[in-house]
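Asker: model this:
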Amino acid sequence: MRAQTNLVALVLALVLVTGATVVGIAAADGALAGADRDPLDRHAATAVADRLVAGDSPTTVRANALDAAAVEALNASRLEALAPPAEGAALRITLDGESVVERGDPSGGVTVRRSVTVVSRSEPVRRAVNLSRGSTVRVPRGVERATVAVDSGENTTIRTVRAGERVVLYDGAGLDSNATVYLSRYEPTTVRPRAGANATGRVVVTYSLPRAQTRTMAVTVDA
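Answerer: Numbering: from 1, shown residues only. From the prediction side, this is the model:
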């Protein structure tokens, strides 16, 4: 009788040990799988964040300064083209918690955060040059580009337009154009067309003033 009792106890002990081993192996496998996924998720999230704020990215006006219009146009397909590690992954991008791009459910993934500046533009500002007085247009600091429209009047030839000390538009036969010129954002720039006395015609300089906000960008990826 005692032998039977001992045998039953031994069987139960073996069952318990086997069950514990199986559970332990399953838990270890789950932990290893999670550990394997985390580096992939972190790599993808970091790659996306770095590419979004890079100085040569189509989403920025300069390094760490997001172009608000480009961010508004961003979607999952454009994001994949910009950062291939995000291909096929569940992801979410937010600015101060507000969703910008979202695909799938990345709640089990890794989140990478960046402090960024978001730059938007004011309504266009237009300034006309009085050619007969030889006047100029002063573009404020922070503006990186402007559109210069030149319409020479009767008996007037405008060959040159300068931005500061640089010649930004020139045509020996006379300018009659609408062109974008690039300026230094670090200082005000004087735009000056060169025309003779009693010149007629019209030169209009158009630009938008930048507006900047500091925000937190969060990129979550579950690959």
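
Asker: hey, let's count contacts and neighbours off CA atoms from now on
Answerer: Will do.

Asker: in this structure, what residue spans correspond to strands?
Answerer: All strands of the chain, identified by DSSP state E, fall at 60-62, 65-67, 90-95, 98-103, 110-121, 125-129, 137-139, 145-152, 160-163, 166-170, 178-182, 189-194, 201-207, 210-222.

Asker: next, count neighbours for Thr206.
Answerer: Taking other C-alpha atoms under 10 Å as the criterion, the count of residues near Thr206 is 17.

Asker: now stretch 149-164: average pLDDT?
Answerer: Mean pLDDT, stretch 149-164: 85.

Asker: what comes into contact with it?
Answerer: 167-179, 183, 189-196, 199-205 (C-alpha atoms under 8 Å, 6 or more residues apart in numbering).

Asker: repeat the analysis, applying 7 Å as the threshold.
Answerer: With C-alpha atoms under 7 Å, 6 or more residues apart in numbering as the test, stretch 149-164 has contacts from 167-179, 189-195, 199-205.

Asker: same question for stretch 129-141.
Answerer: Contacts for stretch 129-141 (C-alpha under 7 Å, 6+ apart): 127, 185-192, 195, 197-200, 202-204.

Asker: which among those count as buried?
Answerer: 127, 188-192, 195, 199-200, 202-204 (16 or more other C-alpha atoms under 10 Å).

Asker: and which of the residues you listed is nearest to Thr220?
Answerer: The nearest member of the buried ones among the contacts of stretch 129-141 to Thr220, counting by C-alpha to C-alpha, is Pro188 at 39.8 Å.

Asker: phi, psi for the closest one please.
Answerer: phi -60, psi 150 (degrees, to the nearest 10).

Asker: which residue is nearest the centroid of this protein?
Answerer: Nearest to the geometric centre of the chain sits Thr59, at 2.9 Å (C-alpha atoms, centre = their mean).

Asker: I'd say that one and Ala69 touch.
Answerer: No - counting by C-alpha atoms under 7 Å, Thr59 stays clear of Ala69, with 8.4 Å between them.

Asker: list the contacts for the nearest residue in space to Val143 that is not next to it in sequence?
Answerer: In space, and not counting its chain neighbours, Val143 is closest to Arg185: 5.0 Å by C-alpha to C-alpha, 6 or more residues apart in numbering. Residues in contact with Arg185 (C-alpha under 7 Å, 6+ apart) are 141-144.

Asker: tell me, how many residues neighbour Arg126?
Answerer: 14.

Asker: partners of the nearest residue to it once chain neighbours are set aside in the sheet?
Answerer: If the residues on either side of it in the chain are set aside, Arg126 comes closest to Thr206, at 4.5 Å by C-alpha to C-alpha, 6+ apart. Beta-bridge partners for Thr206, by DSSP bridges, are Arg126, Thr147.

Asker: isn't Thr206 right next to Ala146, touching?
Answerer: Yes - contact criterion C-alpha under 7 Å: Thr206 and Ala146 qualify, at 5.6 Å.

Asker: quick check: the residue nearest to Arg126 vs Val181, distance?
Answerer: 10 Å (C-alpha to C-alpha, to the nearest Å).
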